[in-house]
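Undergrad: Please work out how this folds:
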Amino acid sequence: MKRVLLMPFLHIPTGHHHVADTIINELQDFPCQTKKIDIFSYRSNVLESISTFIYLKWIQSFPKSYSFVYRRMACRKTENRKNYKLYEMFYLQAMKDIIEHHAPHIVFCTHALPSYMLNKMKHQYPSMKIVNVYTDYFVNEIWGIHKIDFHLAPCMEVKKDLISLGVQEEKIYVTGIPIHRTYFHKSVSSPSFYHRVLIMGGTLGVGNIKKFIQHLKPKGRIKYFVLCGRNQALYKYIHNLHNPYITPLPFIREKSAMNDLYTSVSAVITKPGGVTISECIEKRVPIFVFDTLPGQEEINFQKLKKEGIVVPLTNWNMIDVENELLKFLNNEMVLKQYQEKLNEFQSSRSHNLKDFLDMVMNGC
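TA: Numbers count the residues shown, from 1 in each chain. Below is the predicted model:
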């Protein structure tokens, strides 16, 4: 029986964890043992908690400085990949301990840092297969590249970037960002006399979602549903508004319920996290971006806007948001062109996750 490790980073419920959980769910069809390990928590639970706190405070209080540091550290396009000696000093031994203890046949990295470490160690474990699973629409500088066995790319542009970095084409599988299989099922929506719009992006309690809600001036032509996740403060705030056109939604655990929600709405207003975008593309729902967290989401937004996959709504504080939404949603020509963009983007995928797992689980 094969042993499989899934390696995200930190305990924040970000796309790294969602994608790892999706792969674990898909691996239930195979005779294998799976385990998800965060190398930071393995190294030190206390430091992981402190780092998570600092990260959340930093992106909330000083977003521009975080964006600057992120781009300097992780997004400089250079021919030779950089070495991160501080990371190696702190994590390399922990990674060796993990590999020696669990002796995995396959490791799926859904974050760049474990990929970097395993890339450094690959020569010590030549039979162990390493899979990079990119959860954003670009490849940052930290990802391990040259010793990685397989790369699951979100789109053709990332495949081209990987080839330019020297990755052999046969090692790259354009699967899209993996999402739960539930979202591939169609559900039936009830007819409505008004548009229903889902607003997402407040789960971590950072960003401008509260200000965005305050700026909304619903006129009854759109009903807004705000997915608050575990952000109780946001849920309570919206509930206390007593606005018949703005409804707060708590954390939705069941994927089938989330799938039904996507099907029931005319559009989604969100931040450009990789998993959320991938889910919306699969459900063919128009995506409006109202905010970006500094770092990855800023770059995702620029990439997706260039592809025509997202509609910018970042100047929401200077416009009538509802009028802008209605101009898009009530224009059949615009909607048709947008759906064509989504179809073109999705049709560029060369493989699906299940086929890849069939290959790697039966071949390693």
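Undergrad: what does stretch 150-169 rub up against?
TA: Here stretch 150-169 makes contact (C-beta atoms under 8 Å, 6 or more residues apart in numbering) with 81, 129-139, 145-146, 148, 171-178, 274, 278, 303, 307, 345, 348-349, 353, 356, 360. For the C-beta atoms, the positions are set from N, CA and C on the backbone; glycine is no exception.
Undergrad: Please narrow these to those residing in helices.
TA: Members of those lying in helices (criterion: DSSP state H): 274, 278, 303, 307, 345, 353, 356, 360.
Undergrad: The first one: what's it in contact with?
TA: If a contact means C-beta under 8 Å, 6+ apart, then residue 274 has 15, 134-137, 154, 177, 296, 300 as its contacts.
Undergrad: and what of the fourth one?
TA: Residue 307 makes contacts with 155, 157, 341, 345, as judged by C-beta under 8 Å, 6+ apart.
Undergrad: Please tell me which one of these counts the most neighbours.
TA: Ranked by neighbour count under the definition other C-beta atoms under 10 Å, the contacts of residue 307 are headed by residue 155 with 25 neighbours.
Undergrad: roughly how far apart are that one and residue 305?
TA: The gap separating residue 155 from residue 305 is 14 Å, by C-beta to C-beta, to the nearest Å.
Undergrad: Residue 296 now?
TA: Separation of residue 296 from residue 305 (C-beta to C-beta): 15 Å.
Undergrad: neighbour-wise, which of those two wins?
TA: residue 296 (23 against 15).
Undergrad: residue ranges for the strands of this protein, please.
TA: Using DSSP state E, the strands of the chain run over 2-7, 32-36, 106-109, 129-133, 150-153, 172-174, 195-199, 222-227, 246-249, 267-270, 287-289, 311-312.
Undergrad: Which one, of these, ends up nearest to residue 214?
TA: Counting by C-beta to C-beta, residue 214 lies closest to strand 246-249 out of the strands of the chain; the figure is 10.4 Å.
Undergrad: ok so, going back, list residues touching both of residue 155 and residue 305?
TA: Counting by C-beta under 8 Å, 6+ apart, residue 155 and residue 305 have no common neighbour.
Undergrad: still on that earlier bit, deepest-packed of the strands of the chain, please.
TA: strand 106-109 (a mean of 26; mean count of other C-beta atoms under 10 Å).
Undergrad: who does it touch, helix- and strand-wise?
TA: strand 2-7, helix 112-121, strand 129-133 (3 or more C-beta pairs under 8 Å, 6 or more residues apart in numbering; DSSP states H and E).
Undergrad: do that again at 10 Å, thanks
TA: Where contact means 3 or more C-beta pairs under 10 Å, 6 or more residues apart in numbering; DSSP states H and E, strand 106-109 is packed against strand 2-7, helix 15-26, strand 32-36, helix 85-102, helix 112-121, strand 129-133, strand 150-153, helix 353-363.
Undergrad: So for residue 236, which of those sits nearest?
TA: Closest to residue 236 of the helices and strands packed on strand 106-109, according to C-beta to C-beta: helix 15-26, at 25.5 Å.
Undergrad: Which strands and helices lie in contact with that closest one?
TA: Checking 3+ C-beta pairs under 10 Å, 6+ apart, helix 15-26 ends up next to strand 2-7, strand 32-36, strand 106-109, helix 112-121, strand 129-133, helix 274-283, helix 353-363.
Undergrad: ok, now with 8 Å
TA: Applying 3+ C-beta pairs under 8 Å, 6+ apart, we find helix 15-26 packed against strand 2-7, strand 32-36, strand 129-133, helix 274-283, helix 353-363.
Undergrad: who's in contact with the second one?
TA: To tie it back to what came earlier, the one meant is strand 32-36. Residues from elsewhere that reach strand 32-36 (C-beta under 8 Å, 6+ apart): 1-8, 17, 20-21, 24, 27, 102, 361.
Undergrad: So which of the residues you listed is the closest to residue 85?
TA: Of the contacts of strand 32-36, the one sitting nearest to residue 85 (C-beta to C-beta) turns out to be residue 7, at 20.6 Å.
Undergrad: check contacts around that closest one.
TA: Contacts for residue 7 (C-beta under 8 Å, 6+ apart) come out as 20, 36-39, 107-111, 114-115.
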